[in-house]
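>>> mind folding the following:
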Amino acid sequence: MNRRLRLTLLGVGAMNSPRFAPAGLLLRCAGHSAAFDGGPGAEPPPGRLGAWLVTDEQAELRSALRRQAAARGVQVRAGDLELGEVLVRCCSVEHTSHPAYGYRIEAGGLVVVWAPEFWQFPAWAARADLMFAEAAAWDRPIRFRGGVGGHASVRAVAEQAVRHGVRRLVYAHIGRPTLRAIDAGSKPPAGEWGVEGRTYALRFAQVDEKGRAGP
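Numbering: from 1, shown residues only. As a prediction, the model looks like this:
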């Protein structure tokens with residue numbers, strides 16, 4: 001039996017974006033669902049959530065996210081998750097002075113990566129079928145004060161995604177430098193701009209208890 005993994009972008013903006021809601025993702029599969037990041041204007045639709053996971057537990061939107069999650073009966077957290085046939089692994093990224101994460105979502109041989117913020121391309125994203133990635137900066141990285149990380153540029157992310165064998169790259173944390181590039185008609189060397197509200201559906205084979213794929 002084949003299943004569908006559905007991933008909907010709730011928002012594609014970096015912090016204080018003048019155009020987009022905060023980067024967020026909704027994962028749905030076989031009646032299960034989970035949210036990743038998001039915030040005001042990028043809330044998951046009504047319905048039961050199995051979890052609400054975040055990439056930065058100290059992010060500026062943490063208070064708003066906690067209130068939104070509490071209203072849905074879940075807690076905001078960073079960590080692993082088993083969601084029916086879907087395994088979500090919380091993986092470290094190099095981004096800032098405190099711990100930050102991305103997520104590797106695995107189902108029946110498929111790999112999807114949610115990594116909206118990082119300074120260095122995460123090696124654990126290699127060979128992903130679909131990757132939602134950093135796009136705060138366009139052609140030059142954004143370095144945080146004190147040299148404690150920052151945001152990789154779209155050009156660097158594109159190069160590294162190709163080098164690491166990512167099959168489909170979607171930019172999902174679009175910042176002001178990248179907005180200026182988009183308005184000027186520039187296109188990324190590889191990958192595509194994320195679209196708020198768009199659902200990316202991937203089919204995978206159901207695996208039985210002996211590890212065999214279904215018909």
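
>>> and the closest residue to Glu60 other than its chain neighbours, helix, strand or coil?
Using CB to CB, 6 or more residues apart in numbering and skipping residues adjacent in sequence, the residue nearest Glu60 is Met15, 6.4 Å away. The C-beta positions use only the backbone N, C-alpha and C, and glycine is treated the same way. Of the three states, Met15 takes coil according to DSSP: H, G, I helix; E, B strand; the rest coil.

>>> right, and Met15 touches Pro40 too?
No. Assessed by CB atoms under 8 Å, Met15 is found out of contact with Pro40, at 11.7 Å.

>>> got any residues that touch both of the two?
Shared contacts of Met15 and Pro40, defined by CB atoms under 8 Å, 6 or more residues apart in numbering, comprise 22, 61.

>>> so who does Phe36 touch?
For Phe36, the contact set (CB under 8 Å, 6+ apart) comprises 24-27, 52-55, 103, 114.

>>> any idea of the pLDDT on it?
Note on Phe36: pLDDT of 98.

>>> try the one 10 residues further on
Among the per-residue scores, Pro46 holds a pLDDT of 92.

>>> name the residues of stretch 156-176 that are buried.
Neighbour-count burial for stretch 156-176 flags 156-158, 160-161, 164, 166, 168-176 (criterion: 16 or more other CB atoms under 10 Å).

>>> with stretch 124-132 instead?
When burial is assessed from 16+ other CB under 10 Å, stretch 124-132 yields the following buried residues: 125-126, 128-132.

>>> now for these, which pair is the farthest apart?
Ala126 and Phe132 (15.3 Å; CB to CB).

>>> Phe121 reaches Ala158, doesn't it?
No. Between Phe121 and Ala158 there is no contact under CB under 8 Å: 10.0 Å.

>>> so Val113: helix, strand or coil?
strand.

>>> that one: neighbour count?
Other residues near Val113 number 24, with proximity taken as other CB atoms under 10 Å.

>>> go on, Phe204?
Using other CB under 10 Å, Phe204 has 20 neighbouring residues.

>>> same question for Arg19.
If you count neighbours by other CB under 10 Å, Arg19 ends up with 12.

>>> if we can go back for a sec, closest to Arg48 among the buried residues of stretch 156-176?
Using CB to CB, Ala172 comes nearest to Arg48 of these, at 24.1 Å.

>>> that closest one contacts Gly194, doesn't it?
Yes. Assessed by CB under 8 Å, Ala172 is found in contact with Gly194 at 4.1 Å.

>>> now for the two: what residues contact both?
Residues touching both Ala172 and Gly194 by CB under 8 Å, 6+ apart: 9, 12, 132, 135.

>>> among those residues, which are in strands?
Judged by DSSP state E, the shared contacts of Ala172 and Gly194 include 9, 132, 135 as members of strands.

>>> circling back to that earlier point, who wins for neighbours among the contacts of Phe36?
Result: Gly24 is most packed of these (other CB under 10 Å), 29 neighbours.

>>> now that residue, nearest residue through space, not along the chain?
Leaving aside its sequence neighbours, Gly24 sits nearest to Gly38 (CB to CB, 6+ apart; 2.5 Å).

>>> gap between the one you found and Ala59?
Using CB to CB, to the nearest Å, we find Gly38 at a distance of 11 Å from Ala59.
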